[in-house]
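A.B. asks: pasting the sequence and the predicted model now:
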Amino acid sequence: MTSPMRIITVFFGMAILLAFVGINQSWNVAFSILNLCVISAIMALGVNIQWGYAGLVNFGVMGFVAVGGLAGVIVSMPPVEAAWAAGGTQLMGGFAIMGLVIAAATIFWKKTQHWKDRPRKRYLIMALIIILGYAFYRYIADPAIDAIEAVEPAKTGYLGGLGLHILFSWIVGAIAAGLIAMLIGRIALGLRSDYLAIATLGISEIIIYVIKNEDWMARGVKNVNGLPRPVPYELDLQEEQWVNSLAESMSFSVINASSLIVKLAYLSLFVAVLIILFIMAEKALKSPWGRMMRAIRDNEVAAAAMGKDVKNRHLQIFIIGSAILGLAGAMLTTLDGQFTPASYQPLRYTFLIWVMVIVGGSGNNYGSIIGGFIIWFFWIEAEPLGLWLIELLTSGMSADSALKAHLLESAAHTRLMTMGLIMMLVLRFAPKGLIPEAKR
Amino acid sequence: MTDILNAIVLITNFVLVPGLTYGSQLALGALGITMIYSILRFSNFAHGEMMSFGAMITILVTWWMQAQGISFGVLPTALLALPIGIAATIILVLTADRVVFKYYRTIKAPPVTLLIVSMGLMFFLGGVIRFIIGPNDQRFLDGERFIMKARSFKQMTGLNEGLAIKTTQGITVFLALIMVAFVFWFLTYTRTGKSMRAYSNNEDLALLSGINPERVVLVTWVITAVLITLAGTLYGLDKSYKPFTYLSLLLPIFASAIVGGIGSPVGAILGGFVIAFSELFVTFAYKRVLGYLLPDSLEPEGLMQLLSTDYKIALSFVILVLVLIIRPTGIAGGKTL
Amino acid sequence: MSFLIGKDMIGGYGGAMILNGCTIGVEQGEIAVIVGPNGAGKSTAMKAIFGMLSLNQGSVTMDGVDITALKPQDRVMLGMGFVPQTANIFTEMTVEENLEMGAFIRQDDFSDTMEQVYSLFPILKEKRRQPAGELSGGQRQQVAVSRALMTQPKILMLDEPTAGVSPIVMDELFDRIIDIAKTGIAILMVEQNARQALEIADKGYVLVQGENRYTDTGAALLANPDVRQAFLGG
């Protein structure tokens, strides 16, 4: 067991940092940071399960998070009847054709495995099935997509969703991400760790490209705004009697108080998820399953020799970790109340999460959570801090100095530098992170 | 007959020339990735940012030269600035090796640790570059824009379709050819080059034969620095320089190296062109080509595009995934992984 | 005092001792063979002499110079050649390049040595432009031995050179090893094929549990009924 003192100290320090922001900037800022801290911690937990438990390098975090976000739109938004009437059924027909083509190609490929002596014929027929099938799909789907996207493009131009409660999307997002992980895992898990890293990075980019360009799905870069909320709206709260009296007694403005209540409501939802996931992750880690995972990670060859099915275990853990990322993605979209595909950047959604896991201490769930909190905090606060630092450093320069202006303008980029530096320093001098993996 | 010629010119103009250019840029990048992989044995995620750094220094020097009134006639001034960019990048990568990577070599860390360390370096360099030059598009191209203008080609040949060749395209292909030839000559015929191949092939036996690993590593970084500064600058000249694009370039470059067979220099070159040409062939609109080739009655109505241009870059990842499924060792059969 | 001698060697990996005070020596122009049951420490003894395993006790001297503290690379410089049991060639390089890499530490012109090696193994001259990985098992072993000869070593050490090759190829290889010894090079090898190896050996060492059990000329060991009974299968 890691020393509990260390864990308590680190978490306590984090609380002080947030309180400092609350007092000096505003409590609203502090709680929006905290909300994202919790979501970041869940993402870090997902990556840690893959990397810390099993040594799998998932550089596709962004893709799984985006899939979760997309689930938010598809589950919660009301269906656009006009779009369904315009081309919905036909598009579904197109997908059915696509499915049939894939099935036909797979069956053909499997059935012709003995065609060793005439591989050229096999490839040719295979290519023909795919090309003709694809052409047929495009023939059916293209007009349908055009029709859907033509329905009030400024407001909708997509099929809409299922009109269910948005909390339901958290589960759907997790399942969808898990399914995609299963596909990727089957392809890349048997290969070297580098390949998984590069393949996941590539596939996450493909996912973002598809989401950005398939407008019929979630309006692409036109974004979907106004997702239904699982918590009350500020304006409704401001009407409530108890909110008004509470605001008065705390000497907050009503507007301030209402938005704080909303943030707290979100926070309680998020924290509940975090606690459940954390308990499950800890239980799994201590179970025979967790011991086996670590055995595989520490010595794959020996574990395989002992009859452990390494590839299947890896696949399992890859799916679980990715599902958690999908869940976190759906939570994030719920919090934002909108889905903005262009905001998905690998630096923010993949590599930053990795910094959290490494800094927190890989293999340790406490570490991932605290890593998520600290790194997110500094990611947000590095900008004002960097600006403040540069102002301090350049205070001696004349006000119209070009260098000073340039430095002040560039202050925002210090956070990338800082993150990289922190990561390299931790890897070199404290490779076990802030809270090292417990010896068991 | 003119119809066929017009169709050929059309494809040359929109697929062959850009494909050769982009392929050369990818090949230079992938050659660097593959050399680092086979000697230092890890996938360098900081590669894109190193390219960006080299290009940035070249741009800064170019601006300075332009301000001094130095020019290279019809050629871009950036070519004059290149040697300084290369020198700076060599210093950068050697410093990075000494300060960051060397430690992990001495403790014999697994490749995946180095991969994650290189990700930290990627972050850091990305920040440094944005801090110095900002996140926006930068222009630094000057000199004559075209080797061949579309209009003069039309006048010259009397064809309907024009063929334009940009100066940057010519320079890219020319310099890439020279650089690739040099690397292959170096690896095949020099003592140091051979010792690098030996080290990559069988590290223990290389050490036994008295090959100095640190020297091999040093030479590898120097060659890589030259390759990536060239690749980065040529890409910036041809398209435009923006720090973010170099992070996006990382994936097509990795894809090229893997498609060709990681660890194999020939494969890296092949892979670069495979990726570049498939991007262009699949997203090219064949409407006008078919218009020339088919009788008027059959002329297609749509764009006749296999995949929308929006998916251009995503395509390289699709190819990458296909290669991983079908033949993970790549076209040229790289390292068995 | 032999030309090369590893004296009273004690050492092993981790805490487990594999060598328990054995002594191995060889003279110039002589073939010495180490045989013994599996796990007797044969390969370990050779690695200790070459410096790939540091000794807890004992010493290694060559030509009267104590080289116990030297790294393998430095021993190569002093004139030791070593052919590992596995991964002993550069598979992706041509035969000729393999030889050039063998001569990497030499600053002088080594074309004479290369000609000598080619005259020893004529088949390699024929195939000198082929990647070594494409050759047959026996030819690969020839490349491996040739690579080690390129430094013009005073002593050549071979770790099971005939592992996995056919009997005909083995005989051929042993003949070449005799030829090499005739040029005045000391040869020390570890062999599984004990009987055939002892037939060409000037000196034989039978190791058991890291200690010298029998030490004699090859012929004498072959004639010794105890050795025959216990180690040569009657």
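C.D. replies: Right, received. Where do you want to start?
A.B. asks: longest helix of the chain?
C.D. replies: By default, I'm working from chain A. Determined from DSSP state H, the single longest helix within chain A is helix A:254-286.
A.B. asks: if you could check chain C rather than the one you did, that'd help
C.D. replies: Max-length helix for chain C by DSSP H is helix C:167-182.
A.B. asks: got the domain ranges for chain A?
C.D. replies: A:4-79+A:160-429, A:80-159 (automatic domain parsing).
A.B. asks: can you put the ones you listed in CSV and add distance to chain B?
C.D. replies: C-beta coordinates here come from the backbone N, C-alpha and C atoms, glycine included. Formatted as CSV, the domains of chain A follow (distance: least, Cβ to the nearest Cβ, whole Å):
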stretch, distance to chain B
domain A:4-79+A:160-429, 3
domain A:80-159, 8
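A.B. asks: so what's whatever residue of the stretch 201-337 of chain B ends up closest to chain C closest to, chain neighbours aside?
C.D. replies: Per Cβ to the nearest Cβ, B:Gly210 is where the stretch 201-337 of chain B lies closest to chain C, at 3.7 Å. When the adjacent residues along the chain are set aside, B:Gly210 lies closest to C:Ile105, with 3.7 Å between them (Cβ to Cβ, 6 or more residues apart in numbering or on different chains).
A.B. asks: that neighbour contacts C:Met150, correct?
C.D. replies: No - in this structure, C:Ile105 is not within contact of C:Met150 by Cβ atoms under 8 Å, at 9.4 Å.
A.B. asks: quick revisit: just the domains of chain A: most buried one?
C.D. replies: Mean neighbour count (mean count of other Cβ atoms under 10 Å in any protein chain shown) peaks for domain A:4-79+A:160-429 among the domains of chain A, with a mean of 20.
A.B. asks: straight-line length of it, end to end?
C.D. replies: Start-to-end span of domain A:4-79+A:160-429 (Cα to Cα, to the nearest Å) is 22 Å.
A.B. asks: what is the neighbour count of B:Ala46?
C.D. replies: 26 (other Cβ atoms under 10 Å in any protein chain shown).
A.B. asks: so who does it touch?
C.D. replies: Applying Cβ atoms under 8 Å, 6 or more residues apart in numbering or on different chains, we find B:Ala46 in contact with B:96, B:118-119, B:121-122, B:125.
A.B. asks: likewise for A:Ile130?
C.D. replies: A:Ile130 sits next to A:101, A:105 when contact means Cβ under 8 Å, 6+ apart.
A.B. asks: that one: what secondary structure?
C.D. replies: helix (DSSP: H, G, I helix; E, B strand; the rest coil).
A.B. asks: swap in B:Gly330?
C.D. replies: Classified using three-state DSSP, B:Gly330 is coil.
A.B. asks: show me where chain B dips below the pLDDT cut-off.
C.D. replies: Chain B contains residues with pLDDT under 70 at B:301, B:333-337.
A.B. asks: can you show me the strands along it?
C.D. replies: Here chain B has its strands, by DSSP state E, at B:146-148, B:165-166.
A.B. asks: which of these sits closest to B:Arg41?
C.D. replies: Closest approach to B:Arg41 among the strands of chain B is made by strand B:165-166 (38.5 Å; Cβ to Cβ).
A.B. asks: which residues does the closest one contact?
C.D. replies: With contact meaning Cβ under 8 Å, 6+ apart, strand B:165-166 is reached by B:17, B:145-148, B:238.
A.B. asks: can you give me the strands for chain C?
C.D. replies: Going by DSSP E, chain C shows strands at C:4-13, C:16-26, C:31-35, C:57-62, C:65-66, C:80-83, C:155-159, C:186-190, C:203-208, C:211-216.
A.B. asks: surely A:Leu332 and A:Gly68 touch.
C.D. replies: Yes - in this structure, A:Leu332 is within contact of A:Gly68 by Cβ under 8 Å, at 7.4 Å.
A.B. asks: of the contacts of strand B:165-166, which are in range of chain A?
C.D. replies: Among the contacts of strand B:165-166, no residue is within reach of chain A (Cβ under 8 Å from any Cβ of the partner chain).
A.B. asks: so who does the residue nearest to B:Gly210 touch?
C.D. replies: Per Cβ under 8 Å, 6+ apart, neighbours of C:Ile105: B:209-210, C:76-77, C:151.
A.B. asks: now with 7 Å?
C.D. replies: For C:Ile105, the contacting residues are B:210, C:76-77, C:151, by Cβ atoms under 7 Å, 6 or more residues apart in numbering or on different chains.
A.B. asks: could you redo the residues you listed as a markdown table and give each row neighbour count?
C.D. replies: Listed next are the contacts of C:Ile105 as a markdown table, based on neighbours: other Cβ atoms under 10 Å in any protein chain shown:
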| residue | neighbour count |
| --- | --- |
| B:Gly210 | 19 |
| C:Val76 | 24 |
| C:Met77 | 14 |
| C:Thr151 | 23 |
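A.B. asks: ok, those vs chain A, which is closest?
C.D. replies: B:Gly210 (30.0 Å).
A.B. asks: B:Leu177: how many residues sit nearby?
C.D. replies: Residues lying near B:Leu177 (other Cβ under 10 Å) number 12.
A.B. asks: for it, which non-adjacent residue is closest in space?
C.D. replies: In space, and not counting its chain neighbours, B:Leu177 is closest to B:Ser24: 7.6 Å by Cβ to Cβ, 6+ apart.
A.B. asks: wait, the one you found sits on B:Val173?
C.D. replies: Yes - contact criterion Cβ atoms under 7 Å: B:Ser24 and B:Val173 qualify, at 5.3 Å.
A.B. asks: tell me which of these two has more neighbours.
C.D. replies: Neighbour count, other Cβ under 10 Å: between B:Ser24 and B:Val173, B:Ser24 has more, with 29 against 18.
A.B. asks: gap between the more buried one and B:Leu320?
C.D. replies: 19 Å (Cβ to Cβ, to the nearest Å).
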